[in-house]
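> Next comes the sequence, and after it the predicted model I'd like to discuss.
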Amino acid sequence: MAALSAAAVWFVSRRGWQFYYGDAEAHWNIARRVVDSKTPGYDQIGTVWLPLPHVLMLALVRSDSWWRNGLAAAIPSALSFVAAGGFLFAAVRRVFDSTPAAAASTVLFAANPNLLYLQSTPMTEAMFFACLMGLLYFTVRFRTEQSWGSVAGAAIACFLGTLTRYEAWFLIPFVAVYLGVVAKGRRWLVAAVFALVAALGPAYWLAHNWWLSGYPLEFYRGPYSA
C-alpha cells in the first residue's frame, strides 16, 4: 500500500496536479503562513479550516523548495492513507475473522482513483479516513476485548478526527451510544469517557474561535464560512 501511495504521489507531483482544488492551495498556504508571513504565528490558523492538517504540515512547509514544488504537501496525506488502510485491514479481519476478506477490503479502498489523488494533495480527506478507520478498529476491538485501551484508542481517533473535518463532530454521540450498548459493564462510564475525550476537539475549536474573533461560532457564521 505504501508503494501504491508513493507511486500516486509521484504521478500527481510530476504533472503539477497537487493544487487543482482551491481548498488544497488554501490548506497549504495556511500552514506556510504560520511559519512565514508578515505576521507569523498561531493566529494564522484562522477560524474556518480545522487545524490538524495544517499543524501536520508545519515541519515540512519550512523548506522553500518543498513548499514551492508541492512535494511536501502530499507527505502527511500519504502517511494518513497508509494508516487508514492498515486500520481498515485490522478492523475487517476482526469482524469477519478472515484475512482474505480484510485484504479484499483494503485493496478496494486503496485502488480508488479519487482517494489516490486526494492522498497526493493537501486535502483533508485522507487524514479524516485515517481517523475514521482508527475509530472503526478500536470500536470493533472493544466489542471483543472490553478493554479501556480500546476505549482510549477510539476516543483519541475521534478526537483527532474532530480536528480534521467537521463530520467527525457528528459521530461522537453515535459512537458513545454504541460503546455503551456493547459494553458488558460500566456502560455509562464507558460512553461518558469516550464522549468527554472526543469532545475535547470541538471544545478546543469553539474556544479557539472565541479567542481569535470573540465569537465561538465564527467558523460557522463568519464571513469566510461556506
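Received it, and whenever you're ready, just let me know what you need.
> Skipping adjacent residues, who's closest to A103 in space?
In space, A103 comes closest to F89 once its chain neighbours are excluded; the distance is 7.0 Å by CB to CB, 6 or more residues apart in numbering. C-beta here means a position set from N, CA and C on the backbone, and glycine is covered the same way.
> Check the burial of the one you found by counting its neighbours.
23 (other CB atoms under 10 Å).
> Same question for W10.
The burial count assigned to W10 is 13, neighbours taken as other CB under 10 Å.
> So which elements touch the lowest-mean-pLDDT helix or strand in the chain?
Ranking every helix and strand in the chain by mean pLDDT, DSSP states H and E puts helix 64-69 at the bottom, with a mean of 72. Identification of packing neighbours for helix 64-69 by 3 or more CB pairs under 8 Å, 6 or more residues apart in numbering; DSSP states H and E yields helix 52-61.
> contact partners of the helix it packs on?
27-28, 30-32, 34-36, 45, 66-67, 72-73, 75-76, 122, 124, 127, 160, 163-164 (CB atoms under 8 Å, 6 or more residues apart in numbering).
> change it to 6 Å
Helix 52-61 is contacted from outside by 27, 30-32, 66-67, 72, 75-76, 124, 127, 163-164, using CB atoms under 6 Å, 6 or more residues apart in numbering.
> ok, now stretch 204-218?
Here stretch 204-218 has contacts from 47, 219, using CB under 6 Å, 6+ apart.
> Give me the average confidence score over the longest helix along the chain.
Of all the segments assigned as helix in the chain under DSSP state H, the longest by residue count is helix 71-96. Mean pLDDT, taken over the full extent of helix 71-96, equals 93.
> do stretch 171-183 as well
Average pLDDT, stretch 171-183: 96.
> Can you give me the buried ones in stretch 30-39?
When neighbours are counted by 16 or more other CB atoms under 10 Å, the buried residues of stretch 30-39 are found to be 30-34.
> go on, stretch 145-154?
Buried positions in stretch 145-154, judged by neighbour count with 16+ other CB under 10 Å: 150-151, 153-154.
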